[in-house]
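1. how would this look folded up:
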Amino acid sequence: MKPIESIVVFEHEKLYFTDEHKKLKLDQALENYYGDGTPFFSLIKNGVKFNQHVGVIKIAQTTIEILPKADHNGKDEWRQLLHDMIRTVWGFEVKVSSSASLKLKKNSILDLYYELYVKELEYLLHRGLIKRYNRKEGNLHALKGALQFSKHISQNLVHHERFYVKYSHYDVNHEIHRILYKALKLIEQTNSKPDLSSRIGMLLLNFPEMSDVKVTDSTFEKINFDRKNQHYEKALQIAKLLLLNYHPDVSRGKNNVLALMFDMNRLWEQFIYVVLKKNIQHIDIKVRAQQSKEFWRSENGASRMKPDIVLETNGNRIVLDTKWKNLNGNYLPSTEDLRQMYAYHRYFKATKTALIYPGEESKLIKGDYSAIEHDDANDTLTCGVAFISTHQDIKQWKENIVSFVKENFLASHKTY
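-> Numbering: from 1, shown residues only. Here you go, the predicted structure:
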């Protein structure tokens with residue numbers, strides 16, 4: 001049975017299983033994966049319904065691609081915008097020829113990361129793999145390092161020519177390279193692009209074979225970067241992303257799942273923050289993310305509030321909260337979101353607040369909170385509903401975001 005190469009859907013859409021899907025056992029694989037606690041979709045009758053997570057779920061040789069959707073643009077445009085948003089947030093740049101660039105636009109985000117990873121390993125091999133001291137022990141024919149007396153006596157009672165020692169060995173076989181090799185083998189196993197297969201094969205020929213390593217979050221947390229291994233950081237970031245999102249099918253080994261998924265609410269928040277942080281570089285303006293402030297406490301603990309983005313300029317504070325939602329043309333946020341912004345207004349002493357949505361066109365809708373009866377406070381609390389238009393060109397989209405924020409929130413401390 002020939003695998004379905006690619007299934008493409010938008011976020012929040014439903015995917016119904018066809019007979020072809022069932023022959024490939026995609027339904028079983030997704031149901032088993034859902035049973036592992038995946039938050040990316042919910043099970044419905046004869047199918048699945050995706051939520052706000054976007055990216056790629058790869059089952060054996062079949063790719064399910066879930067794309068964001070905030071305007072009338074089609075799948076090719078949103079695939080490219082998703083690539084560009086992730087590059088912006090993660091700081092990845094892929095320098096490729098125009099023909100290769102066109103090829104990447106048609107590929108899924110997983111193919112993009114495979115391309116990035118192969119490119120990084122090619123660079124590391126060309127530059128030369130770093131060596132590290134490794135602690136080893138074993139029976140040798142020469143005395144080196146520290147003699148381990150108890151093991152030496154138990155193992156070499158009749159072999160006087162041997163020495164059981166613990167010693168240091170300076171070579172390329174250390175944990176960083178074992179992680180990179182493991183990720184490379186994973187790509188070899190899951191890649192379905194012929195043009196990348198030859199490059200993967202060359203890397204496996206030239207990269208020293210490594211012993212397997214068990215990889216968890218703590219594996220990467222223990223890695224310390226210095227001037228000798230700083231150039232490994234990008235490759236290790238991608239290796240972490242791939243290895244920690246790989247879920248092998250331990251029952252049969254045929255429907256392994258690799259899920260590279262991103263929460264669009266979080267990605268939209270990070271994207272807006274990074275764009276503003278990089279492009280608003282005025283000495284009097286500070287762009288901060290996720291500032292935390294306590295607003296409730298009991299003997300059992302405390303609760304804190306944390307707005308997405310805070311702009312500070314000349315004693316004024318503007319709180320922005322990003323929402324990856326489609327308000328379906330009525331421009332009315334949820335009551336819960338408005339209550340949240342009211343709390344931000346009070347606790348952060350903000351001069352203004354706004355909810356930031358993606359939209360078909362850029363506009364700011366003004367809104368005031370109703371006065372509380374018998375409240376002597378004279379300040380009018382406001383919360384704007386802002387829509388920033390998307391654009392097929394990522395550079396133009398970033399310019400739209402920066403100019404919109406400057407004009408509506410920072411220009412002479414404009415009020416609305």
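
2. quick one: furthest residue from the center of the protein?
-> Ranking residues of the chain by C-alpha distance from their mean position (Cα atoms, centre = their mean) puts V158 at the top, at 57.6 Å.

3. pLDDT weak spots in the stretch 51-200 of the chain?
-> Within the stretch 51-200 of the chain, the segments meeting pLDDT under 70 span 91-107, 140, 149, 167-169.

4. show me where it has strands.
-> Using DSSP state E, counting those that start in this stretch, the strands assigned to the stretch 51-200 of the chain run over residues 53-59, 62-67, 132-140, 146-147, 163-171.

5. check the stretch 201-350 of the chain too.
-> 246-247, 257-263, 285-289, 293-298, 301-305, 309-313, 316-322.

6. just name the most buried of those.
-> strand 316-322 (a mean of 21; mean count of other Cβ atoms under 10 Å). For the C-beta atoms, the positions are set from N, CA and C on the backbone; glycine is no exception.

7. outside of that strand itself, list whatever touches it.
-> With contact meaning Cβ atoms under 8 Å, 6 or more residues apart in numbering, strand 316-322 is reached by 265, 268-269, 272, 307-312, 337, 340-341, 344-345, 348-357, 386, 405, 409-410, 413.

8. let me see the contact set for the most centrally placed residue in the chain.
-> For the chain, the residue nearest the mean C-alpha position is F262 (5.7 Å; Cα atoms, centre = their mean). Contact analysis of F262 by Cβ under 8 Å, 6+ apart lists 53-55, 86.

9. and of those residues, the nearest to P194?
-> G55 (23.0 Å; Cβ to Cβ).

10. how many neighbours does L381 have?
-> 18 (other Cβ atoms under 10 Å).

11. pLDDT score assigned to it?
-> pLDDT for L381: 87.

12. what about Y357, which SS state?
-> strand (DSSP: H, G, I helix; E, B strand; the rest coil).

13. surely it touches F387?
-> Yes - with contacts counted by Cβ atoms under 8 Å, Y357 reaches F387, the gap being 5.1 Å.

14. excluding residues flanking it in the chain, which one is nearest N279?
-> Leaving aside its chain neighbours, N279 sits nearest to V402 (4.6 Å; criterion: Cβ to Cβ, 6 or more residues apart in numbering).

15. quick one: the helices in the stretch 101-250 of the chain?
-> Taking DSSP state H, counting those that start in this stretch, the helices of the stretch 101-250 of the chain run over residues 109-127, 149-155, 175-190, 194-206, 217-221, 233-243.

16. want to try JSON lines for those, with distance to D71 and mean neighbour count as columns?
-> Shown next, in JSON lines, are the helices of the stretch 101-250 of the chain (distance: least, Cβ to Cβ, whole Å; neighbours: other Cβ atoms under 10 Å):
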{"stretch": "helix 109-127", "distance to D71": "19", "mean neighbour count": "19"}
{"stretch": "helix 149-155", "distance to D71": "68", "mean neighbour count": "12"}
{"stretch": "helix 175-190", "distance to D71": "32", "mean neighbour count": "19"}
{"stretch": "helix 194-206", "distance to D71": "32", "mean neighbour count": "13"}
{"stretch": "helix 217-221", "distance to D71": "36", "mean neighbour count": "11"}
{"stretch": "helix 233-243", "distance to D71": "28", "mean neighbour count": "19"}
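
17. just confirm Y347 contacts K306, I think it does.
-> No - using Cβ under 8 Å as the test, Y347 is too far from K306 to be in contact (10.8 Å).

18. and for those two, which residues touch both?
-> Common neighbours of Y347 and K306 (Cβ under 8 Å, 6+ apart) are K293.

19. what about the two, which has more around it?
-> Y347 (15 against 12).

20. OK, contacts around that one?
-> Counting by Cβ under 8 Å, 6+ apart, Y347 makes contact with 293, 295, 305.

21. and of these, the nearest to N256?
-> M305 (40.9 Å).

22. surely that closest one is in contact with Q290?
-> No - counting by Cβ under 8 Å, M305 stays clear of Q290, with 10.6 Å between them.

23. how many neighbours does K23 have?
-> K23 has 11 neighbours, counted by other Cβ under 10 Å.

24. any idea how far A29 is from it?
-> 12 Å (Cβ to Cβ, to the nearest Å).
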